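> how would this look folded up:
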Amino acid sequence: MSRSRALSFSVVALAAAGVVLTGCSSDDGGSGKGVPDDGTGKATVSVPDGDGKGAAKLHYSGGKSGEFTIESVRCAVMDGKLAAITAPDSADSSTPAKPSFTAVMSGDKAMTTLTTKDGASYLHASAPGISGSRSGDTWVVTVAGLKLGPTDPSGESITVDGVITCGTVSGG
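The predicted model follows:
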């Protein structure tokens, strides 16, 4: 897929996420609990809860390396499955926050965008590497080995890992 076509798809997918995320919502009190060891030997990761608004702690490496924490996350759930993530929860697709992370799920893949603190943007129209599940009253999302390409043709790809807890959840 050409970069301009991917960017067009990106705008449409983010608009769809906005529609999904504007539905009825309830604050689930995002507890910020870590994700337990899943048997693969990976350590438990704890994420700050953002004062009940959820949180995302993401690390990226590759062409550029760094990490950031966002302390407000909105998620959408459809038919009991994770459908979309917006961090920060007030993220506007026309003017991305710095940093920000958005994903619209389709099966086991997601249309994903990430903007770093310095404004570098990355995306993938159909990337594997995001999974979410409900843990008590909190939706916990794991980002593992998510590969994103730069929107700047001179940039290099990055790989993203981290944990997200949803503060506000729309849908059901």
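> where does K117 land in three-state SS?
The three-state assignment at K117 reads coil, by DSSP: H, G, I helix; E, B strand; the rest coil.
> and it, what's its pLDDT?
Predicted confidence (pLDDT) at K117: the value is 94.
> any idea how far it is from S133?
Counting by CB to CB, to the nearest Å, the separation of K117 from S133 is 29 Å. C-beta: built from backbone N, CA, C; applies to glycine.
> and A110, by the same measure?
On the measure of CB to CB, A110 and S133 end up 15 Å apart.
> before we move on, what about K98?
29 Å.
> and if you look at L148?
L148 is 22 Å from S133, by CB to CB.
> same check, this time on F101
For F101 relative to S133 (CB to CB), the value is 18 Å.
> between these two, which one's more packed in?
Ranked by neighbour count (other CB atoms under 10 Å), F101 and S133 place F101 first, with 28 against 12.
> what about the more buried one, which SS state?
Going by three-state DSSP: F101 is strand.
> quick check: mean pLDDT across the helix or strand E67 falls within?
Element membership for E67, per DSSP states H and E: strand 66-70. The pLDDT scores in strand 66-70 average 96.
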